[in-house]
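[1] Predicted model and sequence below, questions to follow.
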Amino acid sequence: MVGKCAIRGEHGASGRSSGRRAPLCWLSLAPLLLGSLAGCDGFGAGSGIRPPRAVDAAALVHTSTLRDADPGQPFTVTAQPGATLTDVTLTSPDGRLVAGALDQDGHGWHSTARLVPGTHYAARIAVSDGHGGRGEETADVSTKAADRLLTATLGPDPARAVYGVGEPLTVQLSEAVDDPKARAEVEGDLSVVSDPPVTGAWHWVDGKNLHFRPQEYWPANTTVKLGYDAQGHAIDGHGLYGGAPVSVSFRTGDRVEAIVDAAAHQLTFKRNGTVTATIPVTTGRPGFDTRNGVKVVLSKEREVEMKSETIGIAKDSSDSFDLKVEWATRVTWSGEYVHAAPWSVSSQGVENVSHGCTGMTTAYAKWFFEQTRVGDIVQVINSRGHQMEPFGNGFGDWNVAWDAWLRGSALGRTVDTTAPAPEPQAAATLHPQS
């Protein structure tokens, strides 16, 4: 009787095979089937044991569709009654093995990793007829192309390696996904890993955009990785499949928070919880009150031209302006900045006279500009203005209560960003017959 051997396949976290196979007792099946047997099974000259009889493997196995197969379904191989599969491999065009599982009784095998639309695979099937005969069959397997591919653009921009602790993660899809079940599929294909780990959640802004944030700000000096891997995944059951996997990584810097008290006309600057500066400021005057709430630094501009027409003030109005502004730190897309305002120095720390921005001396504005980075927090309190918008005018994500944020998740659950443990090596036991 031939002794059993096990072949281990090493698979990554995505479920795809790494392409390496570590045999406990290696069998090179093609020579076994047609030539002399040696090594593990003990066949060899003078052994008195005859090698197995070669049989037609094609007559002993049945496979799922070989041409234009549905990539959303596994590739399967089934042995005919009395026969037993001894090994099955499915290889992708890059030479990697597709993860799969052999049934315990040896009569069936199916791929467990997703198949990619519009892709050709090579299948190799070894089978025993149960009466001393063995055979091998090879086949080309092709999947049909997807009608539509759902790709994703991830943020923040990987061109910047370090962000502030208020920076949310963003996903922009190539087309709108409105069905709740399809949204859940998309959410399930997204991964967030951070060190240290946090508790966070996804929130759908609209059909094409979703954001992720922790329940609290990111911890200082945290590494974060966002990934989207939906390749080969049927999203909506109507021809929409996940596109190529993408990822983005960054880390956070110190926890920097600027609290602007519009009533006290003062900005308090904190780094990692310690107050390092208090700055006299002026904010929006009545009718142009600065928005309350948490904002996130969007960009920094050494000099920017500010025109009143961009905020709806007519050019010939007494409120119109056209200014070259220095050391401008942007916090909304509509034009709210923290910037140098040398024309209002006498009002800074005393009264609010701006058109909505936070103004300070040129020296303080330069210092603030140099102390902050994209993603840092600017929070306005005690203004008579409206609340910062959650979306569309920058990142007002932190103004959404946590319970409401969770309701925006298609899966309705929090995400633990702890890195997954390495998967154990999977072993598939062969069932050779004597």
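    Structure's in. What do you need?
[2] List the buried residues for stretch 185-194?
    Neighbour-count burial for stretch 185-194 flags 185-187, 189-194 (criterion: 16 or more other CB atoms under 10 Å). To be clear about C-beta, it is placed using only N, CA and C from the backbone, and glycine gets the same treatment.
[3] Please enumerate the helices of the stretch 151-300 of the chain.
    Taking DSSP state H, counting those that start in this stretch as the criterion, the stretch 151-300 of the chain contains helices spanning 180-188.
[4] What ranges does it have for its strands?
    Under the criterion DSSP state E, counting those that start in this stretch, strands of the stretch 151-300 of the chain are mapped to 152-155, 162-163, 169-173, 190-195, 199-204, 209-214, 223-228, 240-242, 246-252, 256-261, 266-271, 274-280, 293-296, 299-307.
[5] how about residue 368, secondary structure?
    On the three-state scheme (DSSP: H, G, I helix; E, B strand; the rest coil), residue 368 is labelled helix.
[6] where in the stretch 1-150 of the chain is pLDDT low?
    Applying pLDDT under 70 to the stretch 1-150 of the chain flags the ranges 1-50.
[7] ok so, going back, can you add mean pLDDT and distance to residue 97 and give the strands of the stretch 151-300 of the chain back as a markdown table?
    Shown next, in a markdown table, are these (pLDDT from 0 to 100; distance: least, CB to CB, whole Å):
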| stretch | mean pLDDT | distance to residue 97 |
| --- | --- | --- |
| strand 152-155 | 98 | 27 |
| strand 162-163 | 98 | 38 |
| strand 169-173 | 98 | 30 |
| strand 190-195 | 98 | 23 |
| strand 199-204 | 98 | 32 |
| strand 209-214 | 98 | 33 |
| strand 223-228 | 98 | 22 |
| strand 240-242 | 94 | 21 |
| strand 246-252 | 98 | 23 |
| strand 256-261 | 98 | 48 |
| strand 266-271 | 98 | 51 |
| strand 274-280 | 98 | 54 |
| strand 293-296 | 98 | 44 |
| strand 299-307 | 90 | 46 |
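[8] Redo those as JSON lines? Include distance to residue 422.
    Below are those laid out as JSON lines (distance: least, CB to CB, whole Å):
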{"stretch": "strand 152-155", "distance to residue 422": "24"}
{"stretch": "strand 162-163", "distance to residue 422": "28"}
{"stretch": "strand 169-173", "distance to residue 422": "24"}
{"stretch": "strand 190-195", "distance to residue 422": "13"}
{"stretch": "strand 199-204", "distance to residue 422": "23"}
{"stretch": "strand 209-214", "distance to residue 422": "24"}
{"stretch": "strand 223-228", "distance to residue 422": "16"}
{"stretch": "strand 240-242", "distance to residue 422": "24"}
{"stretch": "strand 246-252", "distance to residue 422": "18"}
{"stretch": "strand 256-261", "distance to residue 422": "35"}
{"stretch": "strand 266-271", "distance to residue 422": "37"}
{"stretch": "strand 274-280", "distance to residue 422": "39"}
{"stretch": "strand 293-296", "distance to residue 422": "35"}
{"stretch": "strand 299-307", "distance to residue 422": "39"}
